[in-house]
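**Q** Any chance you could fold what I've pasted below:
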Amino acid sequence: MYYNSNTITQPEYTVDLDYITNQVDQLALSALQDEVSLELKPGLVCPSNQGSHTDMDYPLFLKSIRSMQGYYAQLCEHGFAQNPFHHLQQTGIHYEQRMLKATGDINTHKGAIFNLGFACAGLGQCLKKNLPIRTEHICQQIIENWQSDLLHNLTRNPLSHGQQMRKKYGITGAIEQVAHGFEIIQNQALPCYKSTMLATGDSVSASMQTLLLLISQLSDTNIVWRGGMSALFIVQEMAKKFLDDGGVLQHDWKTKLNHMNQYFTAHHLSPGGSADLLGITLFFYKVEHELCRDL
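**A** Numbering: from 1, shown residues only. A predicted model of the protein is given here:
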């Protein structure tokens, strides 16, 4: 069985494109589920509490993730077929509507539809060109194929929180992160995840260490929208201190994160941008270690 006669030919065997894009879809959805299932995330929804959010909870996130099944396979296919930018846009809009219908118009995963969608499209480009399935190659394909459209041809919603913060403070957001090939993930987040996995052998610890690194470095528009620039500086310093004190290698790291979570919740702060990038980081790690291991 072959998908539209498109196959990925390696020196001694052929991989069914339909099979591999379904794998990509499952890895993307599992990365999103792993992110939301991580406990003790400061200010963020997790299985045991709603963090700083009054309109969403863990079951709603799971329902949202289920509504996106098939989307990431389609974006990977768009990349493989080298379809034009507007094809990716139209598919993203369709699944965004599906997500909002599933959640009662609550925005749980707009960021993931956008960010992770382009990661999957970049992966499809790698498959088409027989490039090694590595994060740097995926990101380079995003830059080569869609950077110009993202920065110059994508219509921005001036009423979105991200665009309002961009206009008021000059903070760049998700569009720039994608257009420049997830530099913070390539240079910091993914190396952090890998090194913490090596040190602890524990994906939960690695995920939390990576999330705190992202909070310490990212100008998160979600934080700025809720608390202004002063809140951003405060939470960045809190995250930096946690990491400087040893991060998840401290014996009492969970207690410290619980205190941090209490602060975020009391001040209604939610590092949603950092959470989105953690999901992308988990996806890249899964792709490098689980996708068609013999590719």
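
**Q** same for the host helix or strand of Ile20, what does it pack against?
**A** Assessed by DSSP states H and E, Ile20 sits inside helix 17-37. On a contact count with 3 or more C-beta pairs under 8 Å, 6 or more residues apart in numbering; DSSP states H and E, helix 17-37 meets strand 7-10, helix 58-67, helix 71-81, helix 110-128, helix 203-217, helix 272-290. (Glycine included, C-beta is placed from N, CA and C.)

**Q** Please identify which of the ones you listed is closest to Glu144.
**A** Closest of the helices and strands packed on helix 17-37 to Glu144 is helix 110-128, at 8.0 Å (criterion: C-beta to C-beta).

**Q** Now do the buried residues in the next helix or strand after the closest one.
**A** Sequence order places helix 135-148 as the next helix or strand after helix 110-128, per DSSP H and E. Of all the residues in helix 135-148, those buried under the rule 16 or more other C-beta atoms under 10 Å are 135, 138-143, 145-146.

**Q** what packs against helix 135-148?
**A** Applying 3+ C-beta pairs under 8 Å, 6+ apart, we find helix 135-148 packed against helix 110-128, helix 174-179, helix 272-290.

**Q** So what touches it?
**A** 79, 82, 85, 88, 118-119, 121-123, 125-126, 129, 131, 178-182, 185-186, 190, 284, 287-288 (C-beta atoms under 8 Å, 6 or more residues apart in numbering).

**Q** do the same with stretch 111-122
**A** The contact list for stretch 111-122 (C-beta under 8 Å, 6+ apart) reads 24-25, 28, 31-32, 68, 71-73, 75-76, 78-79, 88, 91-92, 95-96, 99, 138-142, 145-146, 174-175, 177-178, 182, 272-273, 276-277, 279-280, 283-284.

**Q** Please report phi then psi for Ala199.
**A** Dihedral pair for Ala199: phi -80, psi -30, per degrees, to the nearest 10.

**Q** remind me which residues of the chain are low pLDDT?
**A** Low-confidence segments of the chain (pLDDT under 70): 1-15, 156-170, 172, 292-295.

**Q** can you give me the angle the helix holding Ile20 makes with helix 110-128?
**A** On the basis of axes from the mean of the first three to the mean of the last three C-alpha atoms, to 10 degrees, helix 17-37 is oriented at 150 degrees to helix 110-128.

**Q** Could you check helix 17-37 and say which residues are buried?
**A** Buried residues in helix 17-37, counted by 16+ other C-beta under 10 Å: 17-18, 20-37.

**Q** And stretch 219-232, by the same measure?
**A** Applying a neighbour-count criterion of 16+ other C-beta under 10 Å, one finds 219-227, 231-232 buried in stretch 219-232.

**Q** I'd like to know which of those residues are part of strands.
**A** Among the buried residues of stretch 219-232, no member falls in strands (criterion: DSSP state E).

**Q** Format the residues you listed as JSON lines; extra columns: distance to Gly201.
**A** Formatted as JSON lines, the buried residues of stretch 219-232 follow (distance: C-beta to C-beta, whole Å):
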{"residue": "Ser219", "distance to Gly201": "32"}
{"residue": "Asp220", "distance to Gly201": "29"}
{"residue": "Thr221", "distance to Gly201": "34"}
{"residue": "Asn222", "distance to Gly201": "31"}
{"residue": "Ile223", "distance to Gly201": "31"}
{"residue": "Val224", "distance to Gly201": "36"}
{"residue": "Trp225", "distance to Gly201": "37"}
{"residue": "Arg226", "distance to Gly201": "35"}
{"residue": "Gly227", "distance to Gly201": "36"}
{"residue": "Ala231", "distance to Gly201": "35"}
{"residue": "Leu232", "distance to Gly201": "33"}
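
**Q** Tell me the gap between the helix holding Ile20 and the middle of its chain.
**A** 12 Å (C-alpha atoms, centre = their mean, to the nearest Å).

**Q** buried subset of the contacts of helix 135-148?
**A** Buried members of the contacts of helix 135-148, counted by 16+ other C-beta under 10 Å: 79, 85, 88, 118-119, 121-123, 125-126, 131, 178-182, 185-186, 190, 284, 287.

**Q** Since that was my last question, I'll sign off now.
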